[in-house]
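J.: With the sequence up front, the predicted model follows.
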Amino acid sequence: MGIFSKDKKKSLDKGLSKTKQSVFQKLTRAVIGKSKVDDDVLDELEEILISSDVGVDTTIRIIERIEKRVANDKFTSISELNEILRDEITQLLTESDNSEAETWSLESKTKPHVIMVIGVNGVGKTTTIGKIAYQYKKHGHNVIIGAADTFRAAAIDQLQIWSERVGVPLIKQKMGSDPASVAFDTVKAAQTRNADVVIIDTAGRLHNKVNLMNELAKIKRVMQKVIPDAPHETLLILDGSTGQNAFEQAKQFTKATSISALAITKLDGTAKGGVVIGVSDQLKVPVKYIGIGEKIDDLQIFNKREFVDSLFSQ
């Protein structure tokens, strides 16, 4: 991954400040008066990680790996604990293979590059679509958005606002229309207009998992009539502030469809940023974007080393 600019690193540090304060102030208190990593310290660390929504399974994995290192080293000082923890968390995280420049360049990708966006209502799906569209357009690409969440008038209206703000066309139909029909119209328009990127919004809530699976499968089938290998990317949006609920949502969506990448939003407003670690570790799906603010450019390409560095920086 490429080196972050100072401005982006500053934004990341600021966006993760609540999680950092929560986790590492507790960690500092836990090791006061201790000279080495013992069972008491590890018990405290386990409690801290679980309370920060890292998740039980991932926390146990981290603790077991630290225990193994401590046993091998015979004596591990408290001053080394942060470095060991940083190293173990970095190894557990799964990130997208592409650097920031590669992500927005599209050089190695089929055009139009079709992105299907999924996620429950309220996670920041519409906002994230707008921010992604903004970045692609900023890097010189023609973008089209499709409003295939036809179950909520608000979803269409919000996308309309974002499309106008970013300056990209929106393909839509009236509320209650067939979502697959909107997706078909969007990819057809993308071909006609020689677009580089297509971003398709989808319904955030259907009555049950079977309905969700069927709807997403239908949207894919219809798009593939126009572009045989569409979608090229299926992006699941999760709200980081919901902690373990985000993980449960992710598990349900992975049962409904294949997911190629994650975007985790609203990390600036929560102390539950540890969910990034747990979701990435448990699902083995790369985190591609993180949302760390309200501004249009407050969406960053996820870089696990920079993320962990920000969590541990003083």
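T.: Everything's here; your move.
J.: Which helix or strand lies directly C-terminal to the longest helix belonging to the chain?
T.: The longest helix of the chain (DSSP state H) is helix 56-73. Next helix or strand after helix 56-73 toward the C-terminus (DSSP states H and E): helix 78-92.
J.: Would you mark the buried spots in that following helix?
T.: Neighbour counts over helix 78-92 (16 or more other C-beta atoms under 10 Å) mark 78, 81, 84-85, 88-89, 92 as buried. Just so you know, the C-beta spots here come from the backbone N, C-alpha and C atoms, and that holds for glycine as well.
J.: My read is that Lys304 contacts Asp87, right?
T.: No - when contacts are counted by C-beta atoms under 8 Å, Lys304 is not listed as touching Asp87 (11.5 Å).
J.: Report the inter-axis angle for the helix or strand of the chain with the lowest mean pLDDT versus helix 78-92.
T.: When the helices and strands of the chain are scored by mean pLDDT, DSSP states H and E, helix 17-31 comes last with a mean of 77. Comparing the axes of helix 17-31 and helix 78-92 via axes from the mean of the first three to the mean of the last three C-alpha atoms, to 10 degrees yields an angle of 140 degrees.
J.: other SSEs contacting helix 17-31?
T.: The contact analysis (3 or more C-beta pairs under 8 Å, 6 or more residues apart in numbering; DSSP states H and E) places helix 17-31 against helix 39-51, helix 78-92, helix 304-312.
J.: immediately after the longest one, which helix or strand?
T.: Note on helix 78-92: by DSSP H and E, the next helix or strand toward the C-terminus is helix 100-105.
J.: Quick one: neighbours of Ala154, just the number.
T.: Look at Ala154: counted by other C-beta atoms under 10 Å, it has 11 neighbours.
J.: Just confirm it is within a helix.
T.: Yes - counting by DSSP: H, G, I helix; E, B strand; the rest coil, one finds Ala154 located in a helix.
J.: Need phi/psi at Asp281.
T.: phi -70, psi -50 (degrees, to the nearest 10).
J.: Can you check what pLDDT the model gives Thr270?
T.: pLDDT for Thr270: 78.
J.: Once you drop chain neighbours, what's closest to it?
T.: Ser241 (3.8 Å; C-beta to C-beta, 6 or more residues apart in numbering).
J.: and if you look at Gly122?
T.: In space, Gly122 is closest to Asp239, 6.9 Å off (C-beta to C-beta, 6+ apart).
J.: likewise Leu49?
T.: Thr59 (4.2 Å).
J.: how far is stretch 102-110 from where the chain is centred?
T.: 19 Å (C-alpha atoms, centre = their mean, to the nearest Å).
J.: before we move on, what about stretch 196-207?
T.: The answer for stretch 196-207 is 15 Å, by C-alpha atoms, centre = their mean.
J.: Show me where the stretch 201-314 of the chain has its strands.
T.: In the stretch 201-314 of the chain, strands defined by DSSP state E, counting those that start in this stretch lie at 233-239, 261-265, 287-291, 299-301, listed in chain order.
J.: The ones you listed: which one's closest to Asp196?
T.: Asp196 lies closest to strand 233-239 among those, at 13.4 Å (C-beta to C-beta).
J.: Quick one: mean pLDDT over that closest one.
T.: The average of the pLDDT scores along strand 233-239 is 95.
J.: follow-up on the earlier one: what do Lys304 and Asp87 both touch?
T.: Residues touching both Lys304 and Asp87 (C-beta atoms under 8 Å, 6 or more residues apart in numbering): there are none.
J.: Not counting its neighbours along the chain, what's nearest Leu216?
T.: Here the residue nearest Leu216, using C-beta to C-beta, 6+ apart, is Thr257, at 4.7 Å.
J.: again, but for Asp201
T.: Counting by C-beta to C-beta, 6+ apart, the residue nearest Asp201 is Asp149, at 4.8 Å.
J.: Is that neighbour located within a strand, as I assumed?
T.: No - counting by three-state DSSP, Asp149 falls outside a strand, being coil.
J.: For it, the count of nearby residues, please.
T.: Asp149: 27 neighbours (other C-beta under 10 Å).
J.: mind pulling up the phi and psi values for it?
T.: Torsion angles, degrees, to the nearest 10, at Asp149: phi -90, psi 80.
J.: Mind checking the pLDDT average for stretch 82-89?
T.: 88.
J.: ah, wrong one, I meant stretch 249-258
T.: On average, stretch 249-258 scores 88.
J.: Perfect, that will be all.
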